[in-house]
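> Sequence first, then the predicted structure:
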Amino acid sequence: MSTSQHTKHPAWVFFSVLFGVSVARAGAGGTEGADSTLLFYLIFLPLILGYAAYVSIMKFYATRAAKAVLARAAERDPVWDPSHLVQRTRIVFVKIQNSWSRNDADAALPLLHPDYRHEFSELVANNLQSGVTNLVSNIKLDQVDVVVARDDADNDQDMFVAHITGTMDDSLHANDGALLKTQGDRKNKAERQIDEYWRFQRSGDDWLLRQISPHDDVLDDEISIDAETLAERHSCAADLRAAVDHAEQQERQTQARYKRIAWCAGWAIVGMGYYLYFLFFRGAWRMLTELIF
């Protein structure tokens, strides 16, 4: 399941719309044939590769920054142990999908942050009211990476975001079990890629799911901060706030440098891709004209 929606920054509209359209034409029970889908991908391949390069660079930055925070946080508190966060994410992912597949909101509530319980329950209620069951099965999680970590002076404000990738079967059924449609990446197939960002917030020594998003805005918008270390150095609330603001400003500057690198790399790939297309078609046109004339 993927329940939260975000609006991308204007700068990303060009990349994300074209990428999203190409994916939509290729999967989720699409209606286009294989030939037209392949042609569509070929036309937008440089844009897709450029977008992927941008995301990869930003994820490299985000993962590295999060690891630095996790290393310091785990020294103070084992609840921050990176392997524990990854394992917790995997367990919650499977349990949430199972409860979602049964339209059983109550089973999921102990795993959800109080601020997310109502939204999740509403989504399940909508399925029940519509008389449908969104069955998710055959879950295979390939990788779980923590891309944002914020260790706050107030433990209840601690949070992390995990990027989850893998595959699972996704299909929609009537309450009597009859298959209504598959929701996979290919027509009439149930298997689809998992590429989601799950946000967790701390509650005592536990981590509760706060939000689910299919978008990578978090890589652009959020930064990792170790405010707990700063709190050890600044006992005055005003001094602590100033120190945290300064640390966030510095991290934003680092993030901005990576963004510039990512943009340059992304557009360089786009430009090179279409330039190669130009050379190919110019050469093909010359050969054709020589053969004809």
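Right, received. Where do you want to start? Numbering: from 1, shown residues only.
> List the backbone torsions phi and psi for residue 114.
Per-residue torsions, residue 114: phi -50, psi -30 (degrees, to the nearest 10).
> for it, what are its contacts?
Applying CB atoms under 8 Å, 6 or more residues apart in numbering to residue 114 gives the contacts residue 208. In short, each C-beta sits where N, CA and C put it, glycine included.
> low-scoring pLDDT stretches of the chain, where are they?
2-36 (pLDDT under 70).
> Strands of that one, start to end?
Assigned by DSSP state E, the chain shows strands spanning 132-151, 159-174, 179-182, 191-203, 206-213, 225-226.
> how about a markdown table for those strands, with distance to residue 269 and mean neighbour count added?
Shown next, in a markdown table, are the strands of the chain (distance: least, CB to CB, whole Å; neighbours: other CB atoms under 10 Å):
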| stretch | distance to residue 269 | mean neighbour count |
| --- | --- | --- |
| strand 132-151 | 22 | 18 |
| strand 159-174 | 21 | 19 |
| strand 179-182 | 33 | 14 |
| strand 191-203 | 20 | 19 |
| strand 206-213 | 25 | 19 |
| strand 225-226 | 31 | 20 |
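> Format those as CSV; extra columns: distance to residue 99.
CSV is the format used below for the strands of the chain (distance: least, CB to CB, whole Å):
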stretch, distance to residue 99
strand 132-151, 10
strand 159-174, 15
strand 179-182, 20
strand 191-203, 15
strand 206-213, 11
strand 225-226, 32
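> To residue 44, which of those lies closest?
Checking the strands of the chain against residue 44 by CB to CB gives strand 191-203 as the closest, at 17.7 Å.
> if we can go back for a sec, closest to residue 279 out of the strands of the chain?
strand 191-203 (32.4 Å).
> gap between the closest one and the chain center?
7 Å (CA atoms, centre = their mean, to the nearest Å).
> Could you tell me which strands sit next to that strand in the sheet, and their orientation?
strand 159-174 (antiparallel), strand 206-213 (antiparallel) (DSSP bridges).
> Mind putting these into a markdown table with distance to residue 98?
Formatted as a markdown table, the strands paired with strand 191-203 follow (distance: least, CB to CB, whole Å):
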| stretch | distance to residue 98 |
| --- | --- |
| strand 159-174 | 11 |
| strand 206-213 | 14 |
